[in-house]
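Enquirer: Sequence unavailable; structure follows:
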C-alpha cells in the first residue's frame, strides 16, 4: 500500500469546499419531483387522541344538526291539522248567531231546533212515530222510525236526527223496505248525526207499516233522547204531498 495515500486523502479533504448552490438546487429539484423532501410529516403519536376527540365532536354536531332539520321538516314548525271536515249540509246552513235546522229554523242558544218547534205525527194517509228501541243498552242504542201509509207513495224522504251528545257515533242503519229502492246516507250536520233514506226515482212505497232504524254508540249510561227527532216527506199517488214528524223520548 502506498504510504503517501492517507496523507493525500487528508490533504484533499481539507482542501474540499462544497458547492452550496448546487446542493440547494438538487434539494429543490427533489421537492418539486415529489422526492423524500416533499413527504408530509405526520404528527407525533401523542397528538392522535386529540384528533379523535375533535373528529367525534364534529360527528355529534353533524348528527344533531341533521336531527333538528328532520324535525323541522316533519313538523312544519307547528302541529299538523289532520282534521276531517264534516260533509256540507244539503238543507241548512250555520251562522255565528245560531244553528239552522233542516227547514231553516234557527235557535240562537246554539242548540239545533226542530222545524217549527212542534211536529205533526199525522198528515192525510201518512202517520209516524219515533222511539228508542227497548233493546238499547248503556253503550249502544237504536232509534226506530215507524211510518204508516194507507196509500202508495211515489216519493218518500225520511230523515232521522240524533243529537250528538257524548260519544255518539254511527254503527249502521236498516229499513224494512227493499234496500235497492233507497239511497241511504249518514252525515254530521249542525250538531246532529243524520240518517237519510230517499226513495229512488221510479220506485214506489206500498201501503202498510214500514220501519227505518239508525244505530249508534254513545257514552256510558242512560242517554237522553229528548233532542232527537224525525221528519218524513212524501208524495201520494194522486200527486198530493204529505209531511210528518215526531220527537223521541225514553226507550219504550
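Expert: Thanks, I have it. On a predicted model such as this, the values are computed, not experimentally measured, just so you know.
Enquirer: can you pull out the helices in the chain?
Expert: For the chain, the helices defined by DSSP state H occupy 5-15, 20-32, 48-75.
Enquirer: now the shortest one: mean pLDDT?
Expert: It stands for helix 5-15. Helix 5-15 carries an average pLDDT of 73.
Enquirer: How about the second one?
Expert: This predicted structure assigns helix 20-32 an average pLDDT of 65.
Enquirer: Check the last one too.
Expert: When pLDDT is averaged over helix 48-75, the result is 40.
Enquirer: Residue numbering should commence at 51 henceforth.
Expert: Okay, using 51 as the starting number, the last item reads as helix 98-125.
Enquirer: for the stretch 101-250 of the chain, what are the low-confidence residue spans?
Expert: For the stretch 101-250 of the chain, the stretches with pLDDT under 70 are 101-167.
Enquirer: And the strands in it?
Expert: Remark: strands assigned in the stretch 101-250 of the chain by DSSP state E, counting those that start in this stretch are 144-145, 148-150, 156-157, 172-173, 176-182, 190-199, 203-213, 219-225, 232-239, 242-249.
Enquirer: Which of those strands sits closest to residue 258?
Expert: When the strands of the stretch 101-250 of the chain are compared by C-beta to C-beta, strand 190-199 sits nearest residue 258, at 7.1 Å. Any C-beta I mention is one placed from the backbone N, CA and C, and that applies to glycine too.
Enquirer: tell me the domain boundaries of the chain?
Expert: The chain breaks down by automatic domain parsing into domains covering 96-126, 145-297.
Enquirer: among those, which is nearest residue 54?
Expert: Short answer: domain 96-126, nearest of these by C-beta to C-beta, at 55.3 Å.
Enquirer: tell me which residues form a beta bridge with the closest residue to residue 232 other than its chain neighbours?
Expert: Among residues not flanking residue 232 along the chain, residue 247 sits closest, at 4.9 Å (C-beta to C-beta, 6 or more residues apart in numbering). As for beta bridges, residue 247 partners with residue 208, residue 234 under DSSP bridges.
Enquirer: And for residue 247, the neighbour number?
Expert: Here the count is done by other C-beta atoms under 10 Å, and residue 247 has 24 residues near it.
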